[in-house]
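Undergrad: Okay, structure incoming, though there's no sequence with it:
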């Protein structure tokens, strides 16, 4: 967003439509962004390896996701000067803090599979 | 999803396209779902109050969001037998665990506003 944000003296609020924290929240929870951040929490990845890790993402969507996360300061794109040079994506310190929270959330949902399946079963039309 | 899921003996994996945890992860991070869960983490809400709290959500989107969260066993819809009766939405125990993780994530992003704004500034085309 290019409008001047709220003054830094104001308290950030993820519920406020114009707060930077709200758009950042939406960016990190966007369709492929969360899985990308959780994958990078395991370590740096090259583009194609990351694409294989984030099962189902297209080349275009992964590329757009990485650009948005770079722009928000969550992901860095590092060119390693090998021959041939290679590009590696990694979390910034901020990205690592965010990814740790997303990993916690994923842990809750992985543990909750039986509960979620039971709930879905109960909600199925008979 | 109505296909039989992976056997419960298999480890749930948010990266696996067919895992219930992956679709549940997508449901709770969907456009309005996270803010709805974080709002309900503050306490039960009636529909219209919840709609005011989740700044920007339409009636239709909030209604769809609540239905998806009910179906996954995250939110309960309780009819309070006052005159006139009123309907209140609240978190289930599972929804509360999920909402706590989302609130942690929101906290990180609210604290990170200066960092995110600096990163966006650095990425702006000159």
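TA: Structure received. Note that this is a predicted model, so its numbers are computed, not measured.
Undergrad: From now on I want contacts and neighbour counts done on CA atoms only, so please keep to that.
TA: OK.
Undergrad: in stretch A:80-96, what's buried?
TA: For stretch A:80-96, a neighbour-count test (16 or more other Cα atoms under 10 Å in any protein chain shown) marks A:87, A:88, A:89, A:90, A:91, A:94, A:95, A:96 as buried.
Undergrad: pretty sure the fourth one belongs to a helix, no?
TA: No - counting by DSSP: H, G, I helix; E, B strand; the rest coil, residue A:90 is not part of a helix but strand.
Undergrad: surely it meets residue A:40?
TA: Yes - the criterion here is Cα atoms under 8 Å, and residue A:90 meets it with residue A:40 at 6.0 Å.
Undergrad: Can you give me the neighbour number for residue A:33?
TA: 22 (other Cα atoms under 10 Å in any protein chain shown).
Undergrad: How about residue A:49?
TA: Residue A:49 has 11 neighbours, counted by other Cα under 10 Å.
Undergrad: Repeat that for the one 3 residues further on.
TA: When neighbours are counted by other Cα under 10 Å, residue A:52 registers 11.
Undergrad: Quick check, pLDDT for it.
TA: Looking at residue A:52, its pLDDT stands at 96.
Undergrad: Just to be sure, it is in a strand?
TA: No - membership of residue A:52 in a strand is not supported by three-state DSSP, which gives helix.
Undergrad: roughly how far apart are it and residue B:45?
TA: The spacing between residue A:52 and residue B:45, counted by Cα to Cα, to the nearest Å, is 41 Å.
Undergrad: ok, now residue A:21?
TA: Distance, residue A:21 to residue B:45, using Cα to Cα: 23 Å.
Undergrad: Between the two, which has more neighbouring residues?
TA: Per other Cα under 10 Å, whichever of residue A:21 and residue B:45 has more neighbours is residue A:21, with 26 against 19.
Undergrad: Contact partners for the more buried one?
TA: A:12, A:13, A:14, B:106, B:109, B:110, B:112, B:113 (Cα atoms under 8 Å, 6 or more residues apart in numbering or on different chains).
Undergrad: what do you get if the cut-off is 7 Å, keeping everything else the same?
TA: The contact partners of residue A:21, by Cα atoms under 7 Å, 6 or more residues apart in numbering or on different chains, come to A:12, A:13, A:14, B:109, B:110, B:113.
Undergrad: Would you mind checking which of those residues is nearest to residue A:34?
TA: Nearest to residue A:34, judged by Cα to Cα, of those is residue B:109 at 13.8 Å.
Undergrad: Quickly find the element holding residue A:122.
TA: Using DSSP states H and E, residue A:122 sits within helix A:113-123.
Undergrad: ok, and does that helix reach over to chain B?
TA: Yes - using Cα under 7 Å from any Cα of the partner chain, helix A:113-123 reaches chain B at A:113, A:116, A:119, A:120, A:123.
Undergrad: Stretch A:27-36 too?
TA: Yes - against chain B, stretch A:27-36 shows contacts by Cα under 7 Å from any Cα at residue A:29.
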